[in-house]
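**Student:** Structure, please.
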Amino acid sequence: MSVSRLLALPLALSTVFLPAVATAQSLPAPALPDAAQRDDTWAVRLRPGADPAAAAAAAGAVNLGPIAKLPDTYLFLVAGGGAQRAAIDHRLARAADILWQEHQVPRQRYPRLPTDPLFPNQWHLIRGALASVDANVQPAWDAGVVGNGVVIAVADTGVAHAHPDLAPNYRADLSFDFNGNDPDPNDSHGHGTSAAGVAAAADDGGSCGVGAAYRAQIAGLRLIDGFVSDATEAQALAWMVDDVAISSNSWGPSDNGATVEGPGPLTRAAMEQSAAEGRDGRGTIYVWAAGNGGTTDDVGADGYASMRQVIAVAGVTSEGGTPWYGEHGAALLVAAPTNGGSRGITTTNLGGGCTNSFGGTSSAAPLAAGIVALMLDARPELTWRDVQQVLALTAVKVNPGHAGWFDNGAGLHFNEFYGYGMIDAGAAVELATTWELLAPAIESVSPVHTPAIAIPNAAAGGGATDSITVDSDIDAVEHVEVIFSAAHQRRGQMEVTLVSPSGTEIRLLRRRSPDNSGTAFSNWKFGANAFRGEDPNGDWTLRVRDAVNDGFSGTWQNWQLIVHGTGPIGPQPDAAITTPAPFADTPVSGQSDAQDVVLTSTGDAPLSLDTDATLDDATHFAIEASTCTAGGSLEPAATCTVTVRFAPQSPGPHATVLRIATDAGEFSVPLGGTGVVASGAWSGDADFGTVGIGHAGPLREFTLASVGGAPLQLAGAPSMNNPAHFIVEAGTCVDGMDLGTSGTCTVGVRFAPTATGTQTAVLRVPTNAGLVTLALSGEGVDIGGSWSGNAAFGELLVGSTSATATLVLTGDGATPLTLTTDAVLDDTAQFAVTANGCLAGTVLESGESCSVELAFAPQSAGAFATLLRVSSNAGELTAPVSGSGIVPIAIFGDHFEAAD
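**Tutor:** Numbers count the residues shown, from 1 in each chain. Next up is the predicted model:
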């Protein structure tokens with residue numbers, strides 16, 4: 001049974017207890033553009049198909065454009081801003097095309113960087129001012145993606161879990177010592193402690209730095225601090241697979257260039273099963289150090305790193321180059337920053353200390369594991385295959401001048417020392433959030449080909465070749481495996497190269513000069529990642545050659561090709577859900593008309609309903625009926641319907657989401673409505689000013705309006721609580737009147753004080769919303785004024801003019817009487833003012849008077865009466881004026897006739 005060992009580096013890892021250093025300086029707050037600081041914008045979601053410009057105009061807003069390519073989502077500018085937020089929210093909520101709105105409040109954001117003392121030295125995460133490459137974790141951190149709750153099992157020499165940078169994230173319940181067969185995997189070597197810190201050291205301001213996923217959780221597994229069997233490895237690598245999301249492994253067979261070794265049958269089976277069933281069927285994600293054997297070794301001789309289920313991670317130096325210990329490998333997926341250049345990796349070490357010289361692919365692998373934790377934090381439903389694909393598509397073409405770069409048949413760049421490139425945490429997390437999950441994998445397994453031919457030595461040229469034709473349903477390759485058997489007197493002289501139908505050529509194994517073993521390759525499984533995205537159908541060619549012309553020979557016995565990938569998408573379920581208009585404003589404790597939400601099966605396979613239709617908010621909304629029920633199935637084009645009502649229990653805008661889970665995903669639709677209450681409001685000038693006691697001021701008209709959104713109904717006549725001074729005289733507001741949601745009625749009121757001083761009263765009318773009241777006030781003053789004289793003109797022939805009559809206005813109060821208008825007649829057709837001494841601005845002390853001369857000139861027969869009136873600080877003062885128009889009578893014998 002093979003023995004797993006540490007990836008030994010010629011440079012020993014050194015432990016240092018570094019003095020505290022200054023923490024990174026806070027970055028200055030960046031200036032925001034003026035537009036970002038305003039508070040008069042609202043984000044809105046419109047009904048599908050609604051015209052944003054028209055919707056904005058209807059809401060009294062201006063459309064500033066779409067937001068982040070979100071469907072039907074726009075930024076509206078609304079005059080008035082935050083000062084009128086409640087009114088604007090109400091208006092937008094009532095708009096027919098607006099399903100949802102949110103006031104945008106500008107807030108300053110600052111880069112969040114850890115405060116751990118040695119974080120500035122962690123160039124591999126964020127290079128800062130250092131001239132180096134980095135894994136670009138800051139975009140993920142700035143988005144709040146820090147590995148929250150994702151469990152990383154570090155299978156290594158153990159973990160010094162009391163270390164202050166590891167203790168906050170350590171999960172004792174998920175940890176185990178497989179070397180000592182006890183629950184405590186405490187580390188006495190240091191390698192595992194350093195690897196754990198690279199992946200998930202906490203952001204606690206502690207003694208060292210942080211991990212890439214500083215809020216992830218650490219399960220410590222002590223596995224390689226001694227000899228282990230296949231059974232023990234299998235147990236460790238399938239440990240707690242429903243809780244452990246990621247298995248980080250910085251170990252493997254010896255990197256001496258002579259060893260060919262892989263997992264035993266139990267370990268391989270355990271890893272394959274965990275990838276298929278772990279993490280609730282999404283698969284345990286295995287991350288593996290590619291090895292530190294340098295140019296005399298090859299990842300193809302490491303059966304662990306070559307597995308299809310494994311992310312094999314190479315190293316990149318701080319300068320972006322290939323480290324001196326870097327191995328060639330067709331199975332490489334990505335590379336990650338590590339030592340080998342001018343800088344090492346700063347991380348945790350034994351005794352609560354720190355090291356700045358951790359490195360090798362032993363450091364690259366846990367860094368990649370931490371970045372995978374960030375991806376799962378952002379998108380937990382990613383499968384292990386999705387993670388590999390996203391990492392490959394977002395990897396950076398580091399050291400682009402390196403001669404090993406080529407584009408495969410799908411246009412993806414690949415390098416035998418970097419895989420698809422240097423891992424990019426920010427890009428991987430960003431893509432993961434929108435990634436469409438891969439369809440189930442398909443595999444194409446060829447028959448075993450038995451060329452049974454001699455392997456030509458270097459002098460013979462190209463080597464022995466054999467081809468296998470693939471005719472499969474796969475249209476995009478993910479991983480290729482070659483099962484290979486060959487015997488050679490010096491195994492390390494063999495080179496094995498695979499060529500795809502697209503012409504992509506990759507060495508599965510190159511010459512390994514230290515390997516002089518005569519042991520054969522017997523059903524050895526090479527793995528290749530270089531063909532991702534290619535069409536596998538056609539001829540695959542394997543070429544085997546002896547790279548040394550020294551007389552040692554060998555025979556290629558047989559080989560088999562296995563292609564894994566995805567095929568054309570067959571019939572798939574899908575659905576569409578209708579989006580109803582917002583519910584009409586509905587009285588609190590009432591309910592709206594029902595609206596139907598229709599789910600239509602739009603795919604070409606039956607749609608299975610996994611749950612009943614549900615509402616996020618069942619307080620203000622209710623499902624009245626539903627044919628969308630758990631366990632149901634909709635054939636293509638069939639529908640089910642959910643009938644929903646809005647039943648607000650409180651006033652204001654309310655929103656919910658109706659959700660239906662199906663085998664094609666969750667379909668949801670936002671619903672909204674506004675709860676309203678009946679309410680009334682008075683308008684009119686409630687300050688009557690000054691009026692003399694014993695007098696009545698002018699009639700004031702007050703308007704009662706329904707303003708609450710629910711119908712306002714009068715439950716009684718308008719009244720006054722202080723009728724001694726204020727008199728309700730006239731109006732249209734009557735008991736039982738229904739003003740609806742926007743109607744009005746009027747009430748007339750006079751101020752007639754009976755005492756001096758400020759007088760108040762409340763105009764009130766009972767309604768279904770309670771008493772609607774208006775406070776009135778006026779000043780009663782001791783101001784007197786009275787008219788004297790006689791303006792009763794008696795009878796006068798039509799067409800003639802009377803002699804003048806004089807009316808005298810005399811001030812008789814303690815306060816001077818001040819006239820605010822000229823004295824005028826109501827009827828100027830029959831009567832006329834011939835001289836007016838009572839004009840606006842006249843001030844009459846007590847006993848002083850002014851006079852008005854009047855004449856009567858009837859224009860027709862009949863009795864006429866009018867008033868002479870003048871307004872003053874004592875109120876309105878009036879005097880009666882009357883007269884009768886008559887026509888002449890002619891006498892003719894025994895009868896009378898009106899004269900012409």
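
**Student:** Tabulate the CA atom coordinates of stretch 130-139 in PDB.
**Tutor:** Coordinates of each C-alpha in stretch 130-139 appear next as PDB, following Å, rounded to 0.1, in the frame of the first residue of the first chain:
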ATOM      1  CA  LEU A 130       4.000  45.400  -3.700                       C
ATOM      2  CA  ALA A 131       5.000  44.700  -7.200                       C
ATOM      3  CA  SER A 132       3.600  41.200  -7.500                       C
ATOM      4  CA  VAL A 133       0.700  39.100  -8.800                       C
ATOM      5  CA  ASP A 134      -2.200  38.300  -6.500                       C
ATOM      6  CA  ALA A 135      -5.300  36.100  -6.400                       C
ATOM      7  CA  ASN A 136      -7.600  39.200  -6.700                       C
ATOM      8  CA  VAL A 137      -9.700  38.400  -3.600                       C
ATOM      9  CA  GLN A 138     -10.700  42.000  -2.800                       C
ATOM     10  CA  PRO A 139     -13.600  42.300  -5.300                       C
END
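
**Student:** residues of that stretch that come out buried?
**Tutor:** 132-139 (16 or more other C-beta atoms under 10 Å). C-betas here are computed from N, CA, C, even on glycine.

**Student:** What mean pLDDT does that stretch get?
**Tutor:** For stretch 130-139, mean pLDDT is 89.

**Student:** for stretch 77-88, same thing?
**Tutor:** Stretch 77-88 carries an average pLDDT of 74.

**Student:** ends of that stretch, how far apart?
**Tutor:** End-to-end distance for stretch 77-88: 11 Å, by C-alpha to C-alpha, to the nearest Å.

**Student:** what about that stretch, distance to the chain center?
**Tutor:** From the chain centre to the centre of stretch 77-88 is a distance of 23 Å (C-alpha atoms, centre = their mean, to the nearest Å).

**Student:** Which residues does that stretch contact?
**Tutor:** Residues from elsewhere that reach stretch 77-88 (C-beta atoms under 8 Å, 6 or more residues apart in numbering): 38-42, 59-64, 92, 103, 105.

**Student:** could you redo the last one with a cut-off of 6 Å?
**Tutor:** Stretch 77-88 is contacted by residues 39-42, 61-62, 64, 103 when judged by C-beta atoms under 6 Å, 6 or more residues apart in numbering.

**Student:** S882: which of those is nearest?
**Tutor:** A61 (63.0 Å; C-beta to C-beta).

**Student:** so the closest one touches F76, yeah?
**Tutor:** Yes - using C-beta atoms under 6 Å, A61 makes contact with F76 at a distance of 4.0 Å.

**Student:** Nearest residue to the middle of this structure?
**Tutor:** L70 (9.9 Å; C-alpha atoms, centre = their mean).

**Student:** what about the stretch 801-900 of the chain, any weak spots by pLDDT?
**Tutor:** 889-900 (pLDDT under 70).

**Student:** Spell out, range by range, the helices that occur in it.
**Tutor:** Under the criterion DSSP state H, counting those that start in this stretch, the stretch 801-900 of the chain contains no helices.

**Student:** where do the strands sit along it?
**Tutor:** Along the stretch 801-900 of the chain, counting by DSSP state E, counting those that start in this stretch, strands occupy 805-811, 817-818, 824-825, 831-836, 843-844, 849-856, 862-872, 875-886, 889-892, 895-898.

**Student:** Using JSON lines, please lay out these together with distance to L658.
**Tutor:** Compiled in JSON lines, these are given as follows (distance: least, C-beta to C-beta, whole Å):
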{"stretch": "strand 805-811", "distance to L658": "76"}
{"stretch": "strand 817-818", "distance to L658": "70"}
{"stretch": "strand 824-825", "distance to L658": "69"}
{"stretch": "strand 831-836", "distance to L658": "76"}
{"stretch": "strand 843-844", "distance to L658": "75"}
{"stretch": "strand 849-856", "distance to L658": "77"}
{"stretch": "strand 862-872", "distance to L658": "64"}
{"stretch": "strand 875-886", "distance to L658": "64"}
{"stretch": "strand 889-892", "distance to L658": "91"}
{"stretch": "strand 895-898", "distance to L658": "87"}
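
**Student:** so which of these gets nearest G694?
**Tutor:** Nearest of the strands of the stretch 801-900 of the chain (C-beta to C-beta): strand 875-886, 8.8 Å.

**Student:** Now do that closest one and strand 805-811, the angle between them.
**Tutor:** 170 degrees (axes from the mean of the first three to the mean of the last three C-alpha atoms, to 10 degrees).

**Student:** Now list the buried members of the contacts of stretch 77-88.
**Tutor:** For the contacts of stretch 77-88, a burial check counting by 16+ other C-beta under 10 Å picks out 40-42, 61, 103.

**Student:** Would you point out the most distant pair within the residues you listed?
**Tutor:** Of all pairs in these, the most separated under C-beta to C-beta is A61 and H103 at 12.2 Å.

**Student:** In contact with V563, which residues are there?
**Tutor:** Here V563 is in contact with 444, 470, 474, 480, 536 (C-beta under 6 Å, 6+ apart).

**Student:** Would you mind extracting the C-alpha trace of stretch 557-564 into PDB?
**Tutor:** Output of stretch 557-564 as PDB, limited to C-alpha atoms (Å, rounded to 0.1, in the frame of the first residue of the first chain):
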ATOM      1  CA  GLN A 557       0.500  -3.100 -24.700                       C
ATOM      2  CA  ASN A 558      -3.000  -1.400 -24.700                       C
ATOM      3  CA  TRP A 559      -4.900   1.700 -23.900                       C
ATOM      4  CA  GLN A 560      -8.500   2.900 -23.400                       C
ATOM      5  CA  LEU A 561     -10.000   6.400 -23.800                       C
ATOM      6  CA  ILE A 562     -12.700   7.800 -21.500                       C
ATOM      7  CA  VAL A 563     -14.200  11.200 -22.300                       C
ATOM      8  CA  HIS A 564     -16.400  13.100 -19.800                       C
END
